[in-house]
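1. One predicted model, sequence on top.
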Amino acid sequence: MLIKNSKPICVWKNKSLLGEGTLWVPILNSIFFVDIKKKKIFKFNIKTKKKKIFNVNKEIGFIAHIKGNIFILGLKSELRIVNLNNKKILSSIKIESKKTNNRINDGKTDPKKRLWFGTMDNSIRKKRFGSLYCLDNNLKLHHVDEKYVTPNGPAFLNKNNFYHTDSRKREVYKIKVNKKLKIIKKTIFLKFGKKNGSPDGMTTDIKNNLWVCHYGGGCISVYNLKGKKIHLINLPAKNITNCTFGGPKNNDLYISTARKNLKIGDIKKYPLSGSLFKTRINIKGKDTQSFKLSS
């Protein structure tokens with residue numbers, strides 16, 4: 001199947017310093033994303049076109065849905081379960097409280113409705129202090145992998161197989177875990193050259209193609225299961241950070257971007273950097289999974 005996309009359009013003109021964490025929530029008709037550095041959550045209702053901004057008190061790497069207006073926020077040193085409407089904190093799980101420079105980065109829910117996320121050193125970029133975690137449905141935390149500089153993704157093939165990346169190393173990994181969430185196989189699926197930027201947020205479609213955002217590369221590239229590039233989407237921004245499928249037919253790709261590290265010349269060339277974009281694809285994404293709390 002030949003993949004096609006419409007011309008990307010800006011749906012929220014924004015100056016996010018580090019836009020990330022795109023999330024589609026069908027029952028709310030809304031796309032969510034965050035600005036890590038400005039400590040903000042953005043909500044865009046695609047039906048009413050209403051926009052809403054929520055402020056948080058810590059840097060936020062991602063947002064994951066549970067039910068209704070209940071979400072998990074991936075914050076610095078903390079997973080926080082909140083009601084976004086009334087800001088009531090329902091639960092808090094401390095993450096790496098002894099690693100004071102670390103923060104949570106990207107995170108997504110898998111087909112079993114578990115939450116996967118990475119941590120990274122927030123100040124000394126070359127330090128391999130980051131880890132990969134999974135929060136199961138009983139709120140038990142599993143330490144799955146370590147020695148990441150800048151973890152991003154993950155993007156799921158099925159309940160045991162997924163892609164994950166270390167943006168700093170420009171490597172995308174294919175990982176297989178067993179029932180106990182122990183890695184039984186990990187290989188380098190893709191290695192980016194410097195001219196391509198760094199692999200950042202990712203997602204998969206219903207054919208298990210991998211959609212990779214290029215931070216510093218101004219595009220999203222699509223790879224089949226064999227690692228062959230089968231499509232490319234150029235965007236009017238340089239730092240492409242995250243993407244997710246959404247919309248009524250789940251064939252709209254929503255894309256977050258960032259202004260971080262851009263020079264004056266870059267901003268003149270890409271004035272929409274930091275905004276949220278959308279492009280329509282002729283293939284559907286996998287359905288978004290909300291995190292499931294076991295009763």
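-> Nice, thanks for sending it over.
2. hang on, G153 in a helix?
-> No: assignment of G153 by DSSP: H, G, I helix; E, B strand; the rest coil gives strand, placing it outside any helix.
3. Tell me the predicted confidence for it.
-> Looking at G153, its pLDDT is 90.
4. what does S295 give?
-> 66.
5. What distance do you get for the closest residue to K182 other than its chain neighbours to L75?
-> Leaving aside its chain neighbours, K182 sits nearest to V144 (7.7 Å; criterion: C-beta to C-beta, 6 or more residues apart in numbering). In short, each C-beta sits where N, CA and C put it, glycine included. Distance of V144 to L75, given as C-beta to C-beta, to the nearest Å: 20 Å.
6. what's G217 in contact with, if anything?
-> Neighbour list for G217: F192, K195, N196, G197, S198, K238, I240 [criterion: C-beta atoms under 8 Å, 6 or more residues apart in numbering].
7. hang on, I meant K108
-> F62, A64, L115, W116, F117, G153, P154, A155, F156.
8. ok but the first one is inside a strand, no?
-> What that stands for is F62. Yes: assessed with three-state DSSP, F62 lies in a strand.
9. doesn't L115 make contact with it?
-> No: between F62 and L115 there is no contact under C-beta atoms under 8 Å: 9.1 Å.
10. before we move on, the earlier item: when V144 and L75 are compared, which one has more neighbours?
-> Set V144 next to L75 and count neighbours by other C-beta atoms under 10 Å: L75 wins out with 21 against 17.
11. Nearest residue to that one in space, please, no chain neighbours.
-> L75 sits nearest to K58 (C-beta to C-beta, 6+ apart), 4.2 Å away.
12. Just say helix, strand or coil for I267.
-> Secondary structure assignment for I267 (three-state DSSP): helix.
13. again with K195
-> At K195, secondary structure determined by three-state DSSP is helix.
14. contacting residues for it?
-> K195 neighbours (C-beta under 8 Å, 6+ apart): G217.
15. Where do the strands of the stretch 101-250 of the chain begin and end?
-> For the stretch 101-250 of the chain, the strands defined by DSSP state E, counting those that start in this stretch occupy 102-109, 115-121, 130-135, 141-148, 151-156, 161-166, 171-177, 183-191, 198-204, 210-215, 219-223, 229-234, 239-246.
16. could you redo those strands as CSV and give each row distance to K278?
-> Putting the strands of the stretch 101-250 of the chain into CSV (distance: least, C-beta to C-beta, whole Å) gives the following:
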stretch, distance to K278
strand 102-109, 19
strand 115-121, 25
strand 130-135, 29
strand 141-148, 30
strand 151-156, 19
strand 161-166, 23
strand 171-177, 24
strand 183-191, 25
strand 198-204, 14
strand 210-215, 14
strand 219-223, 12
strand 229-234, 11
strand 239-246, 9
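17. Select, out of the ones you listed, the one closest to I264.
-> Nearest of the strands of the stretch 101-250 of the chain to I264, taken as C-beta to C-beta: strand 239-246 at 14.9 Å.
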